[in-house]
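[1] Pasting the sequence and the predicted coordinates here, then a few questions.
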There are 2 protein chains.
Amino acid sequence: MGIISDPLMRLHYFVILICFSFTQIWAARPLPSWNDGNSRSAIVAFVERTCTDGSPDFVPREQRIAVFDNDGCLWSEQPMYFQAIYAFDRVKALAPQHPDWKDKDPFKSVLEGDVKSALAGGHQSLGELIMATHSGMTVEEFRASVRNWLASARHPRTSRPYNEMVFQPMLELLEYLRAHGFKTFIVSGGGTDFLRVFAEDTYGIPPEQVVGTSLKAEYQVREGKPVIVKLPEINFIDDKEGKPVGIHQHIGRRPIFAAGNSDGDFEMLEWTMAGAGPRFGLLIHHTDAEREWAYDRDSHVGKLARGLDEADQRGWLIVDMKRDWKTVYPR
Amino acid sequence: MGIISDPLMRLHYFVILICFSFTQIWAARPLPSWNDGNSRSAIVAFVERTCTDGSPDFVPREQRIAVFDNDGCLWSEQPMYFQAIYAFDRVKALAPQHPDWKDKDPFKSVLEGDVKSALAGGHQSLGELIMATHSGMTVEEFRASVRNWLASARHPRTSRPYNEMVFQPMLELLEYLRAHGFKTFIVSGGGTDFLRVFAEDTYGIPPEQVVGTSLKAEYQVREGKPVIVKLPEINFIDDKEGKPVGIHQHIGRRPIFAAGNSDGDFEMLEWTMAGAGPRFGLLIHHTDAEREWAYDRDSHVGKLARGLDEADQRGWLIVDMKRDWKTVYPR
């Protein structure tokens, strides 16, 4: 390149040079909230060998599908799933319209603030609470209700809005993968419609990339105005062996990267890792009672036992929250 | 900008200028296989007013969702749905393993080459044929079977492979929308897994953007190897009032552009057009007996009656294949 004599041109080149340098610095330091160590370097090494042109493990862009569980993987799930807390709050708000609830469990226990009794019936109790609070309205009405709840409800321990109890290192991981051409999906046991209310703003994941548990829905035209109504009937349960099925039905190709935190994610990781070519599976291990929570084998949510036992032999990474993360929540 | 004295710099600017000029020429002539006229200009005007920064009708990129029916909208559907022809061909191929079929309708009629009798039982007959040929195998086995069929089967009238009986003007429309930041989806009554085999190569639509009719599926681990098996049970029928539901469950936001060709697409267009802000709905009218087929109200496939009757009052565009398209199939 010859001598650049024009001052404006010199300025242009200078600006380009500065931008380029920042890009290099950024590229050299991905995942800033991850401590240096095996977890961080394993992720970076995987992304570099799959996304660098000419690498023997190069994966074409359209196959770079990454799936993430939500509860306990992208945000906290204690003292119980946040969506269950939403359901409890809705039961309280809707109680005046349902006088029978005060004598009928699990509603009675919820109204009396007795969470333990409310959930004593296990999945069936939770199912009843979900049906009563997640169906019988249009999709738009449901969205507005969740949006209002997120804006006003606060976590009992941190006093944060629930959608600020997301994991900063995981936000960085999502962004890092997308910057390398990955398409990021949520694959969650939680409700698709619930997740979609905040997934785009919070995680950068658009509604069409959210795969979750869903209720059936019905198209109706009410006085000339079409609506979609949520019905009190399960459509699909996106948990355990349901996760690879949800991935198949919704995404239609096998991910090459999967992140979870509980045995509910076992089959998703198993399915992801069983494909040909380079693959990455990770499980978040909740080891940080001080900054978040510490739980695994005996937890009532996010139980992790088989995953811990088999991760090593299967080549899955166990991320130790306490050891591997500089910060947990965004500041 | 001062005088550019360096010859290399001059060359750079020249190259940029040339590229820019080509971009302008390209931008000035979208949809080359569409004749000049109301249909083409209505589409172009819509894309320009929704995608131009500063336009009062500007739509943010993430909301630019466009949905397309497949049979009769992106490819032909005569003398019958191509997927039904695949099912017929599979019945013939599988017959030796099913000796009972030669005495049992609808299989018997298929094996005798009597299409009319085979389909006399309507949806139920077709359903039986689909179940027998689309389930009981892994997803990978099914894909391989469809791939082989597309590679070898030929259309009875044109002798073309079925995936070359796609509409050139619609390929251009898909590409034109994507070039303006639209995300393009197939929303079809046809099978999701069937469509995904060719949608990416043929239409540039990745598997995760195909919404169709589906069977239930099951995750199994066979001798340590995980597979997903297609079950003989309907999961979802993506037709008529099912289309807005499929769009909701899969995409999670209302499209702003919808294209179909039959009354099976009516609710999809109705749902799309009922949202706030600028919207576009179009129906392909098959008017070209010479280059393709001519049919509407009385057709056994792709029946179009209500759509024709109400398009005007609803502000939907009727595309007249004979009048509006310079060519039908790619050369």
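    On my side now, so go ahead. Residues are numbered from 1 along each chain as shown, chains lettered A, B, ... in the order given.
[2] what about the helices in the stretch 51-200 of chain A?
    For the stretch 51-200 of chain A, the helices defined by DSSP state H, counting those that start in this stretch occupy A:82-94, A:107-111, A:115-118, A:123-134, A:139-152, A:168-179, A:192-203.
[3] Toward the C-terminus from the last one, list the very next helix or strand.
    Which is helix A:192-203. Using DSSP states H and E, the helix or strand that follows helix A:192-203 in sequence is strand A:210-222.
[4] Which strands border that next one, and is each parallel or antiparallel?
    Partner strands for strand A:210-222, per DSSP bridges, with pairing direction: strand A:183-191 (parallel), strand A:225-236 (antiparallel).
[5] buried sites along that strand?
    Buried residues in strand A:210-222, counted by 16 or more other CB atoms under 10 Å in any protein chain shown: A:210-217, A:219. Bear in mind the C-beta positions are built from the backbone N, C-alpha and C, glycine included.
[6] tell me which of these is nearest to chain B?
    Closest approach between the buried residues of strand A:210-222 and chain B, by CB to the nearest CB: residue A:219, at 4.3 Å.
[7] got the buried residues for stretch A:88-106?
    Neighbour counts over stretch A:88-106 (16+ other CB under 10 Å) mark A:88-91, A:101, A:105-106 as buried.
[8] Pick out the most distant pair among those residues.
    Distance extremes for the buried residues of stretch A:88-106: the farthest pair is A:89 and A:105 at 17.8 Å, using CB to CB.
[9] Any regions of chain A where pLDDT drops low?
    Applying pLDDT under 70 to chain A picks out residues A:1-28.
[10] Which parts of it belong to which domain?
    With domains defined by automatic domain parsing, chain A comprises A:30-79+A:165-331, A:80-155.
[11] could you dump those domains to a markdown table with distance to residue B:137?
    Shown next, in a markdown table, are the domains of chain A (distance: least, CB to CB, whole Å):
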| stretch | distance to residue B:137 |
| --- | --- |
| domain A:30-79+A:165-331 | 14 |
| domain A:80-155 | 32 |
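[12] Most tightly packed of those?
    domain A:30-79+A:165-331 (a mean of 19; mean count of other CB atoms under 10 Å in any protein chain shown).
[13] Now whichever residue of the stretch 51-200 of chain A sits closest to chain B. Nearest residue, chain neighbours left out?
    Chain B sits closest to residue A:196 of the stretch 51-200 of chain A, with a gap of 4.9 Å, by CB to the nearest CB. Nearest residue to residue A:196 in three dimensions, chain neighbours excluded: residue A:207, at 4.3 Å (CB to CB, 6 or more residues apart in numbering or on different chains).
[14] Might you report the residue contacts of the closest residue to residue A:247 other than its chain neighbours?
    Leaving out its chain neighbours, the residue that sits closest to residue A:247 by CB to CB, 6+ apart is residue A:187, at 6.0 Å. Going by CB atoms under 8 Å, 6 or more residues apart in numbering or on different chains, residue A:187 touches A:67-69, A:211-212, A:238, A:243, A:246-247, A:258, A:268.
[15] now residue A:187, which residues is it bridged with?
    Under DSSP bridges, the beta-bridge partners of residue A:187 are residue A:211.
[16] if I look at the residue lying closest to residue A:117 once chain neighbours are set aside, how far off is residue B:267?
    The spatial neighbour of residue A:117 that comes closest, neighbours along the chain excluded (CB to CB, 6+ apart), is residue A:109 at 3.9 Å. Note on residue A:109: its distance to residue B:267, by CB to CB, to the nearest Å, is 42 Å.
[17] next one: residue A:178
    Residue A:178 is 34 Å from residue B:267, by CB to CB.
[18] Then residue A:256?
    Where residue B:267 is concerned, residue A:256 sits at a distance of 37 Å (CB to CB).
[19] measure residue A:266 to chain B for me?
    Distance from residue A:266 to chain B, counting by CB to the nearest CB, to the nearest Å: 11 Å.
[20] which parts of the stretch 51-200 of chain A sit against chain B?
    Proximity of the stretch 51-200 of chain A to chain B, by CB under 8 Å from any CB of the partner chain, involves residues A:62, A:65, A:139, A:183, A:185, A:192-193, A:196, A:200.
[21] Which two among those are spaced furthest apart?
    Farthest apart among those by CB to CB are A:62 and A:139. That separation is 29.9 Å.
[22] re earlier: quick check: the residue of the stretch 51-200 of chain A closest to chain B touching residue A:210?
    Yes - between residue A:196 and residue A:210 there is a contact under CB atoms under 8 Å: 5.1 Å.
[23] Spatially nearest residue to residue A:116, not counting backbone neighbours?
    Spatial nearest neighbour of residue A:116, chain neighbours left out: residue A:109 (8.0 Å); criterion: CB to CB, 6+ apart.
[24] For the one you found, list the residues it contacts.
    Residue A:109 neighbours (CB under 8 Å, 6+ apart): A:115-118, A:120.
[25] Now with 10 Å, please.
    By CB atoms under 10 Å, 6 or more residues apart in numbering or on different chains, residue A:109 lies in contact with A:88, A:91, A:115-121, A:125.
[26] Quick check on the residue nearest the centre of chain A: phi, psi?
    Centroid check for chain A by CA atoms, centre = their mean gives residue A:70 as the closest residue, at 2.5 Å. When read as degrees, to the nearest 10, the backbone of residue A:70 gives phi -100, psi -60.
[27] Can you give me the distance of it to residue B:64?
    26 Å.
[28] Without its sequence neighbours, what residue ends up closest to residue A:279?
    Nearest residue to residue A:279, sequence neighbours excluded (CB to CB, 6+ apart): residue A:273, at 4.9 Å.
[29] Sorry, wrong one. I was asking about residue A:258.
    Leaving aside its sequence neighbours, residue A:258 sits nearest to residue A:272 (CB to CB, 6+ apart; 3.9 Å).
[30] these two touch, right, that neighbour and residue A:68?
    No - using CB atoms under 10 Å, residue A:272 is not in contact with residue A:68, being 11.3 Å away.
[31] Need the overlap of contacts for those two.
    Listed as contacting both residue A:272 and residue A:68 by CB under 10 Å, 6+ apart are A:187, A:255, A:257-260, A:265.
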